[in-house]
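In: here is my input, please return the structure:
(chains A and B)
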Amino acid sequence: DTGVSQNPRHKITKRGQNVTFRCDPISEHNRLYWYRQTLGQGPEFLTYFQNEAQLEKSRLLSDRFSAERPKGSFSTLEIQRTEQGDSAMYLCASSLDGSVLNEPQHFGDGTRLSIL
Amino acid sequence: LAKTTQPISMDSYEGQEVNITCSHNNIATNDYITWYQQFPSQGPRFIIQGYKTKVTNEVASLFIPADRKSSTLSLPRVSLSDTAVYYCLVGDERYSSASKIIFGSGTRLSIRP
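Out: Numbering: from 1, shown residues only, chains lettered A, B, ... in the order given. Okay, here's the model as predicted:
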């Protein structure tokens, strides 16, 4: 059981730079989710994919954020022109098909982004 | 839409049984109740899920009364390694939107020696 893998684990960058994170889900999982988590709060949903199709985006996902899952396997989350407020932990999760709200999700350990 | 309320924090000691209660007064007929555990610098981990009565696995038990307006996560004989944040989620089958997945702030459980 390889679990959900996220890279890098930590990213420090200057304001205004672009950053890209990668997520490798559990291989048999068709669904892949991205969340953002700030200190003391629970994860907040950003977007999710069913195979390669991006089916939903949260209003939290501004136009500086873009996510892809080109072959229905790994996914990338890119943030352009980073701002101080983007500092957070970015979590990826995957799940089997089923109810979006009830199917248990398997999370990676996240990428912690710090904007200087 | 069902919302959940759970204590901000709880303290206990090693070897004790810990019960964390989550209120969900507006739970709908098709809602399931799911609990996740999160350690610092790690992603949440699925613990248990239930719909009614009692569910038990190797980690915890979940008690759901007949009216389903609350649920209780029970951790038997806790150890220091159970110190974590615990999230209660209620999923409404009527809504297919993933934006309805709401973790909230969770319950911060601290276990002392």
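In: return the residues of chain A in contact with chain B.
Out: A:4, A:33, A:40-45, A:48, A:55-56, A:58-59, A:91-93, A:99-102, A:104-110, A:112 (C-beta under 8 Å from any C-beta of the partner chain). Any C-beta I mention is one placed from the backbone N, CA and C, and that applies to glycine too.
In: contacting residues around the least confident helix or strand in chain B by mean pLDDT?
Out: Ranked by mean pLDDT, DSSP states H and E, the weakest helix or strand in chain B is strand B:84-91, scoring a mean of 91. The contact list for strand B:84-91 (C-beta atoms under 8 Å, 6 or more residues apart in numbering or on different chains) reads A:42, A:99, A:101-102, B:2-4, B:6, B:20, B:22, B:24, B:27, B:31-39, B:44, B:47, B:71, B:73, B:100-104, B:106-109.
In: the following helix or strand past it close to chain A?
Out: Next along the chain after strand B:84-91, taking DSSP states H and E as the criterion, comes strand B:107-112. No. Strand B:107-112 is not in contact with chain A by C-beta under 8 Å from any C-beta; minimum separation 8.9 Å.
In: can I get strand B:107-112 in PDB, CA atoms only?
Out: C-alpha atoms of strand B:107-112 as PDB (Å, rounded to 0.1, in the frame of the first residue of the first chain):
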ATOM      1  CA  THR B 107     -11.600  18.600  18.300                       C
ATOM      2  CA  ARG B 108      -8.100  18.900  19.600                       C
ATOM      3  CA  LEU B 109      -7.500  15.900  21.900                       C
ATOM      4  CA  SER B 110      -4.500  15.900  24.300                       C
ATOM      5  CA  ILE B 111      -3.500  12.800  26.100                       C
ATOM      6  CA  ARG B 112      -1.300  13.100  29.200                       C
END
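In: buried residues in it?
Out: B:Thr107, B:Arg108, B:Leu109, B:Ile111 (16 or more other C-beta atoms under 10 Å in any protein chain shown).
In: contacts only, for the last one.
Out: Read that as B:Ile111. Counting by C-beta under 8 Å, 6+ apart, B:Ile111 has contacts B:Asp11, B:Ser12, B:Tyr13, B:Glu14, B:Val18, B:Val78, B:Ser79, B:Leu80, B:Ser81, B:Asp82, B:Thr83.
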